[in-house]
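Colleague: Okay, structure incoming, though there's no sequence with it:
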């Protein structure tokens, strides 16, 4: 095969990989809901203020 055909094959493969990653990220963002954040993220941060976290000046 000549150089042009190899280039086309590489570019098709490269853009297929990029498209796959973009589709996976879009799916992740679509499924990331506020309910998930309330259940897992906010629960970890619930006692943050009680434990003294988040205070910039503790002089």
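Modeller: Okay, I see it. This is a predicted model, so every value here is computed, not measured.
Colleague: quick one: the residue nearest the centre of the chain from residue 41, how far?
Modeller: Nearest to the mean C-alpha position of the chain, by Cα atoms, centre = their mean, lies residue 25 at 6.1 Å. As judged by Cβ to Cβ, to the nearest Å, residue 25 and residue 41 stand 19 Å apart. Where you see a C-beta, it was placed from the backbone N, CA and C, and this is true even at glycine.
Colleague: mind listing the helices for this protein?
Modeller: 3-31, 34-36, 42-44 (DSSP state H).
Colleague: mind putting those helices in JSON lines, mean pLDDT included?
Modeller: Below are the helices of the chain laid out as JSON lines (pLDDT from 0 to 100):
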{"stretch": "helix 3-31", "mean pLDDT": "94"}
{"stretch": "helix 34-36", "mean pLDDT": "74"}
{"stretch": "helix 42-44", "mean pLDDT": "64"}
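Colleague: any idea how far the residue nearest to the centre of the chain lies from residue 10?
Modeller: 23 Å.
Colleague: Same question for residue 37.
Modeller: Distance from residue 37 to residue 10, by Cβ to Cβ: 40 Å.
Colleague: next one: residue 32
Modeller: Relative to residue 10, and taking Cβ to Cβ, residue 32 is found at 33 Å.
Colleague: cool, residue 39 as well?
Modeller: Relative to residue 10, and taking Cβ to Cβ, residue 39 is found at 44 Å.
Colleague: now residue 42
Modeller: For residue 42 relative to residue 10 (Cβ to Cβ), the value is 45 Å.
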